[in-house]
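Asker: This is the structure alone, sequence omitted:
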Ligand code: ZN
Ligand code: ZN
């Protein structure tokens, strides 16, 4: 287990740097039941900075599995609409949100992919109004991680549980810079670096990015008036938050119809409690027209078939191989970490704030119930920027920024 002092430091970073909880603000927390001890420390820090109320919601992998083992078939089209509606209301009245991730990455391995797909669709539809407030940064929010035993066992299958948990904590604390002497200033410095990178890319006004590597030859057309963002984000309520801890990415909006070529995933994707490995897809005019995976293919295909926009891109992100997450050499089987270890693309909904003037399908912004990141970068992948005049500017070589 992790020391109380380190856990407290992580809680403090989450409250002060991640969410940046304000005096008088309500804080809603989502967390795995195993993360109770961290949630309690977060609550203490939140109240110390003046939170009006801290409301935790806990998830339990056993209850999720109990449903798949025992529930009637009709159960899988249900979602707790009332709960998402309540959270949506509270966010629209100014509450902040902290999500703690750490669920068992393969909690649903072996269960019927069709039922998993139905459950995810029902959930995505019910949660959409709430998610819209989050993805448009109506309020300040953040995501952090807790090393649950089930997650740790999945990342370190050859170790006994206590050793696996210890190793995963070590990786989380180092990736979130919680092991530094002064993590708060380390994060400020890092956020400034990401901002510099965004400014460099924004000044270039690339028309497209070209990814080349083993199994990958992909041209991602960027939307006109795209904006590169990363690091700290000023929410619409004026509060600056760091939405992901860790965060290493700078990202922007692709044009929903201007993506062509083939791309192979560089890391496995964990989605909805199932591991999806060796994804390979082909895009034509923005749309996936062929999709394969060596494992979890049915789940991946049902994800892509969620709606029209699920087969198109809503985000493209660049992450260097030198990021602390990438340097750990681990595959975390968790998107919060893996997407910050490699350049990635996301299927589904685009973030309106990554385009000047916002989104909208008429401008080329993608719309979908889903937003799922998957990793395509590695030290064997090069990225070029293509200018409107057609000249080629090296952006990344062997996973490192050269721009
Ligand atoms: Zn991303
Ligand atoms: Zn994303």
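Answerer: Looks like it came in fine. Keep in mind the model is a prediction, meaning the values are calculated, not measured. Ligands and ions are numbered 1, 2, ... in the order given.
Asker: so after the lowest-mean-pLDDT helix or strand in the chain, what's the next helix or strand?
Answerer: For the chain, counting by mean pLDDT, DSSP states H and E, helix 324-327 ranks last in confidence among helices and strands (a mean of 87). Once the chain leaves helix 324-327, the next helix or strand it forms, by DSSP states H and E, is helix 335-338.
Asker: Does ligand 1 have contacts with the least confident helix or strand of the chain?
Answerer: No: using Cβ under 5 Å from the ion, helix 324-327 stays clear of ligand 1, coming no nearer than 12.5 Å. Quick note: C-beta positions are derived from backbone N, CA and C, even for glycine.
Asker: how far does that helix sit from the chain's center?
Answerer: Relative to the mean C-alpha coordinate of its chain, helix 324-327 is positioned 16 Å out (Cα atoms, centre = their mean, to the nearest Å).
Asker: quick one: buried residues of it?
Answerer: Across helix 324-327, burial judged by 16 or more other Cβ atoms under 10 Å covers 324, 325, 326.
Asker: The residue nearest to residue 292 when sequence neighbours are not counted and ligand 1, how far apart?
Answerer: Distances taken as Cβ to Cβ, 6 or more residues apart in numbering place residue 280 nearest to residue 292, at 4.8 Å, with adjacent residues excluded. Here residue 280 is placed at a distance of 20 Å from ligand 1 (Cβ to the ion, to the nearest Å).
Asker: doesn't residue 263 make contact with residue 280?
Answerer: Yes: counting by Cβ atoms under 8 Å, residue 280 touches residue 263, with 7.4 Å between them.
Asker: Quick check on the two: which one has the bigger neighbour count.
Answerer: residue 263 (23 against 15; other Cβ atoms under 10 Å).
Asker: for the more buried one, what are its contacts?
Answerer: 211, 215, 216, 217, 218, 280, 281, 283, 345, 376 (Cβ atoms under 8 Å, 6 or more residues apart in numbering).
Asker: at 6 Å what do you get?
Answerer: By Cβ atoms under 6 Å, 6 or more residues apart in numbering, residue 263 lies in contact with 216, 218, 376.
Asker: follow-up on the earlier one: can you tell me what sits against the least confident helix or strand of the chain?
Answerer: For helix 324-327, contacts defined as Cβ under 6 Å, 6+ apart pick out 175, 246, 337, 340, 341.
Asker: And stretch 146-157, by the same measure?
Answerer: If you take Cβ under 6 Å, 6+ apart as the criterion, stretch 146-157 is touched by 32, 34-35, 38, 100, 102, 104-106, 161, 164-165, 167-169, 172, 333.
Asker: Just after whichever helix or strand residue 8 is part of, pick out the following helix or strand.
Answerer: Using DSSP H and E, residue 8 sits in helix 4-13. Counting by DSSP H and E, the next helix or strand C-terminal to helix 4-13 is strand 26-32.
Asker: How far away from the center of its chain is that next one?
Answerer: Strand 26-32 sits 17 Å away from the centroid of its parent chain (Cα atoms, centre = their mean).
Asker: residue boundaries of the strands in the stretch 1-150 of the chain?
Answerer: With strands called from DSSP state E, counting those that start in this stretch, the stretch 1-150 of the chain shows them at 26-32, 53-59, 96-101, 141-145.
Asker: Specify the residue ranges that define each domain of this protein.
Answerer: What automatic domain parsing lists as the domains of the chain is 4-175, 204-228+248-401.
Asker: Which among those is found nearest to residue 237?
Answerer: Closest approach to residue 237 among the domains of the chain is made by domain 4-175 (5.6 Å; Cβ to Cβ).
Asker: Near ligand 2, which residues of the stretch 301-403 of the chain? Just list them.
Answerer: The stretch 301-403 of the chain comes close to ligand 2 at residues 315, 346, 373, as judged by Cβ under 5 Å from the ion.
Asker: The helix or strand where the last one lies: partners in the sheet, and parallel or antiparallel?
Answerer: Going back to what we said before, that points to residue 373. Per DSSP H and E, residue 373 falls inside strand 371-375. Note on strand 371-375: by DSSP bridges, its sheet partners are strand 344-348 (antiparallel).
Asker: residue contacts, the nearest residue to residue 333 once chain neighbours are set aside?
Answerer: Nearest non-adjacent residue to residue 333, counting by Cβ to Cβ, 6+ apart: residue 105, 4.0 Å away. Shown in contact with residue 105 (Cβ under 6 Å, 6+ apart): 154, 270, 333.
Asker: Residue 144 reaches residue 14, doesn't it?
Answerer: Yes: at 4.8 Å, residue 144 counts as touching residue 14 under the criterion of Cβ atoms under 6 Å.
Asker: before we move on, back to that, quick check, nearest of the contacts of residue 263 to ligand 1?
Answerer: residue 376 (11.5 Å; Cβ to the ion).
Asker: Relative to residue 145, how far out is the nearest residue in space to residue 270 that is not next to it in sequence?
Answerer: Setting aside the residues directly before and after it, residue 270 is nearest to residue 105 in space (Cβ to Cβ, 6+ apart), at 4.2 Å. Using Cβ to Cβ, to the nearest Å, residue 105 is found at 12 Å from residue 145.
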